[in-house]
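>>> Here is the input, now give the coordinates:
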Amino acid sequence: MWERSYDDVSMDWNAVSAIANVLVAFAVTITVVYLAIQIRENTRATRSQTYQLATAALAEMAGIIGADKELARIFRIGGGVDERDRAWSDGSGRVWFV
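Here you go, the predicted structure:
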């Protein structure tokens, strides 16, 4: 009369375990998606910052060279660009010296 069957209790724990496993799998999936988005945004930010720093360095160099005629002449001579050289573009934005 007072005996109790534990078969139903073990089935309940199995159900709880299965539900917990589903929730864990869902949480892991959401975490992986979130990390992928964060990595992509970080990559974009890093590329943007690199481009901005390179552009700023080139602008600073152009400002220094353009501030003095003698520096501009030295840069032209050192860069191998002579007044007699001709420049042409292939339409892609690149300039070629011939």
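>>> CA atoms for contacts and neighbours, from now on please.
OK.
>>> Which neighbouring elements make contact with the helix or strand hosting Tyr51?
Here Tyr51 sits within helix 7-66, counting by DSSP states H and E. With contacts defined as 3 or more CA pairs under 8 Å, 6 or more residues apart in numbering; DSSP states H and E, the packing partners of helix 7-66 are helix 69-78.
>>> so where is the protein shaky, pLDDT-wise?
For the chain, applying pLDDT under 70 flags the ranges 1-11, 79-98.
>>> tell me the angle of the helix holding Tyr51 relative to helix 69-78?
Orientation check (axes from the mean of the first three to the mean of the last three CA atoms, to 10 degrees): helix 7-66 against helix 69-78 gives 110 degrees.
>>> what about Ala67, distance to Leu58?
From Ala67 across to Leu58, the span is 14 Å (CA to CA, to the nearest Å).
>>> same question, Arg73
In terms of CA to CA, Arg73 sits 18 Å off from Leu58.
>>> Look at those two and report which has more neighbours.
Here Arg73 and Leu58 are compared on neighbour count by other CA atoms under 10 Å; more neighbours surround Arg73, at 15 against 12.
>>> Buried residues, stretch 57-68. List them.
Buried residues in stretch 57-68, counted by 16 or more other CA atoms under 10 Å: Ile65.
>>> Residues in contact with that stretch: which ones?
Contacting residues not belonging to stretch 57-68 are listed as Leu71, Ala72, Phe75 [CA atoms under 8 Å, 6 or more residues apart in numbering].
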